[in-house]
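Peer 1: Here is the input, now give the coordinates:
(chains A, B, C and D)
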Number of protein chains: 2
Amino acid sequence: MDVGTLCLGVLSFGETSGYGIRRAVADWFRHFGQASLGAIYPALAKLTARGAIEVVGAADAPLEKRVFRITDKGRAELAAAAAASDGSEVVRSPFLAGMFFAHLLQMDDVHRLMNERLAGLRGEQRRLRSLPADTMTEGQRFTIRYSQAVITAAIDFLDHEGRAIVNAIDREKTP
Amino acid sequence: MDVGTLCLGVLSFGETSGYGIRRAVADWFRHFGQASLGAIYPALAKLTARGAIEVVGAADAPLEKRVFRITDKGRAELAAAAAASDGSEVVRSPFLAGMFFAHLLQMDDVHRLMNERLAGLRGEQRRLRSLPADTMTEGQRFTIRYSQAVITAAIDFLDHEGRAIVNAIDREKTP
DNA sequence: GTGAACATGTAAATTGTTACATGATTAC
DNA sequence: GTAATCATGTAACAATTTACATGTTCAC
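Peer 2: I've put the predicted structure just below:
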């Protein structure tokens, strides 16, 4: 999802500012894309020019807080973008990259990688559990349950089989 | 992992050409990064200038096949890059993005997303099972088992609970 | 003989991040 | 009062993709 679509996605749930969009993307839309402020503001300007969003109240002073609202045109664009998405999924994993080259690492680093990944997974698990599932659409619940299923499997693997393989890596390094 | 490190990673397993590196990255290093030819060739030029890799035999005619070999300096760089990786993992999922906005989609599109994701997961599962685990380092086996654990969980979820939620999405759309 | 895959390399265009410039509001 | 967070916006810089330009090799 490009930055513009991400903005439309956030604004489809309520009015907010550019800064608010950044927070919302980082908190809720992490798996769909990323958006820094330097990308969000130009995107909002383009969306406004195109009529996909509009400024709530006319805050015209420079550097003043500007709250945006999605228009019907914007909703149509968002629906089109959602319908255009495919069933793909890409994982970028410095964790797996490090483990793949474990034979070049100190065991310290291997253990650090494991612990960092486990901490990240547990944090994400907590975050997902704290979400207000009752106020969501079925689609949103679906994405949360899917993420939970995958994260739980990853934690189980690292906790059980994973530790055993790390021991095997150690034995391989010092025969 | 940036394109240069990806090249070093591939070359650490054997000599090959720029074109061969692209295939290897797409086939084996998919989870670590991506690399198109337009990025690989400039990266190889820089690595050669820096002495991290060298050309095997002096193929000096333009457009002629050039096979590269990693040097000790390159191996050291690769080890440093591997040690610098953290335990993070990022998922970019057009699939989840589509499902999140399922309320804006036709049920046709929802089913298509499910089927495409399932097909992708099953293909990846087959690919992982066909890999020669016996000739790998423990670290490589670790990454494969981890991926298998996660993929199996995703398939199980989509096959069982997932289909039920899709029915709930349908009921939500047409009350 | 012809289409697919193999092969290299450059450059335009795209896209986004980071840094800079500037300031208001809020909590301690 | 001061640090953190909120807030906007521009521009330099970086990285990569896509398209272009040019062939060769192999299988059918």
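
Peer 1: Please make it C-alpha for all contacts and neighbour counts, starting now.
Peer 2: Fine.

Peer 1: For the residue nearest in space to the middle of chain A, what are phi and psi?
Peer 2: What sits nearest the mean C-alpha location of chain A, by Cα atoms, centre = their mean, is A:R30, with 1.0 Å. Main-chain torsions, A:R30, degrees, to the nearest 10: phi -50, psi -40.

Peer 1: tell me the contacts of it?
Peer 2: By Cα atoms under 8 Å, 6 or more residues apart in numbering or on different chains, the contact list for A:R30 reads B:R92.

Peer 1: if I look at it, how far off is A:Q140?
Peer 2: 13 Å (Cα to Cα, to the nearest Å).

Peer 1: which residues are in contact with stretch A:84-91?
Peer 2: For stretch A:84-91, using Cα under 8 Å, 6+ apart, the contacting residues are B:30-32, B:89-95, B:97-98, B:112-117, B:120.

Peer 1: redo that, cut-off 6 Å
Peer 2: The list of residues contacting stretch A:84-91 from outside it, by Cα atoms under 6 Å, 6 or more residues apart in numbering or on different chains, reads B:H31, B:V90, B:V91, B:R92, B:S93, B:P94, B:F95, B:G98, B:L113, B:E116, B:R117.

Peer 1: is the helix or strand of chain A with the lowest mean pLDDT up against chain B anywhere?
Peer 2: One helix or strand of chain A scores below all others by mean pLDDT, DSSP states H and E: helix A:163-173, with a mean of 88. Yes. Applying Cα under 6 Å from any Cα of the partner chain, one finds helix A:163-173 in contact with chain B at A:I169.

Peer 1: quick one: the helices in chain A?
Peer 2: Using DSSP state H, the helices of chain A run over residues A:3-11, A:18-28, A:37-50, A:72-84, A:94-100, A:107-129, A:138-157, A:163-173.

Peer 1: one step back: quick one: which of the contacts of stretch A:84-91 is most hemmed in?
Peer 2: In terms of neighbours by other Cα atoms under 10 Å in any protein chain shown, the contacts of stretch A:84-91 top out with B:G98 at 29 neighbours.

Peer 1: right, and that residue touches A:A81 too?
Peer 2: No. Using Cα atoms under 6 Å, B:G98 is not in contact with A:A81; the gap is 8.5 Å.

Peer 1: Pop the domain breakdown of chain A in here.
Peer 2: Domain assignment of chain A by automatic domain parsing yields the ranges A:3-84, A:94-173.

Peer 1: Give me the neighbour count for A:H160.
Peer 2: Residues lying near A:H160 (other Cα under 10 Å) number 10.

Peer 1: Would you mind measuring from it to DNA strand D?
Peer 2: In this view, A:H160 and DNA strand D are 34 Å apart by Cα to the nearest atom of the strand, to the nearest Å.

Peer 1: contacting residues around that residue?
Peer 2: By Cα under 6 Å, 6+ apart, A:H160 has no neighbours at all.

Peer 1: ok, it to DNA strand C distance?
Peer 2: Taking Cα to the nearest atom of the strand, one finds A:H160 at 35 Å from DNA strand C.

Peer 1: relative orientation of the least confident helix or strand of chain A and helix A:107-129 in degrees?
Peer 2: Helix A:163-173 and helix A:107-129 are oriented at 160 degrees to each other (axes from the mean of the first three to the mean of the last three Cα atoms, to 10 degrees).

Peer 1: which residues does A:V55 contact?
Peer 2: A:V67, A:F68.

Peer 1: What does the pLDDT read for it?
Peer 2: pLDDT, A:V55: 94.

Peer 1: coming back round to it: find the one among the helices of chain A with the highest mean neighbour count.
Peer 2: helix A:94-100 (a mean of 26; mean count of other Cα atoms under 10 Å in any protein chain shown).

Peer 1: What lies in contact with that helix?
Peer 2: B:F32, B:A82, B:S85, B:D86, B:G87, B:S88, B:G139, B:Q140, B:T143.

Peer 1: and that helix with DNA strand D, contact?
Peer 2: No. Helix A:94-100 lies out of reach of DNA strand D by Cα under 7 Å from any atom of the strand, never closer than 13.3 Å.

Peer 1: excluding its backbone neighbours, what's nearest A:M107?
Peer 2: Among residues not flanking A:M107 along the chain, A:D170 sits closest, at 6.8 Å (Cα to Cα, 6 or more residues apart in numbering or on different chains).

Peer 1: Could you count how many residues lie near A:R66?
Peer 2: With other Cα under 10 Å as criterion, A:R66 counts 18.

Peer 1: for it, phi and psi?
Peer 2: Dihedral angles phi and psi of A:R66 (degrees, to the nearest 10) take the values phi -120, psi 120.

Peer 1: circling back to that earlier point, can you tell me which of the contacts of helix A:94-100 is nearest A:R23?
Peer 2: Ranked by distance to A:R23 (Cα to Cα), the contacts of helix A:94-100 are led by B:S88 at 19.7 Å.

Peer 1: Next one: that closest one from B:I165, what distance?
Peer 2: Distance from B:S88 to B:I165, by Cα to Cα: 29 Å.

Peer 1: What of A:L78?
Peer 2: Counting by Cα to Cα, the gap from A:L78 to B:I165 is 22 Å.

Peer 1: go on, A:L104?
Peer 2: Plainly put, A:L104 is 45 Å away from B:I165 if you go by Cα to Cα.
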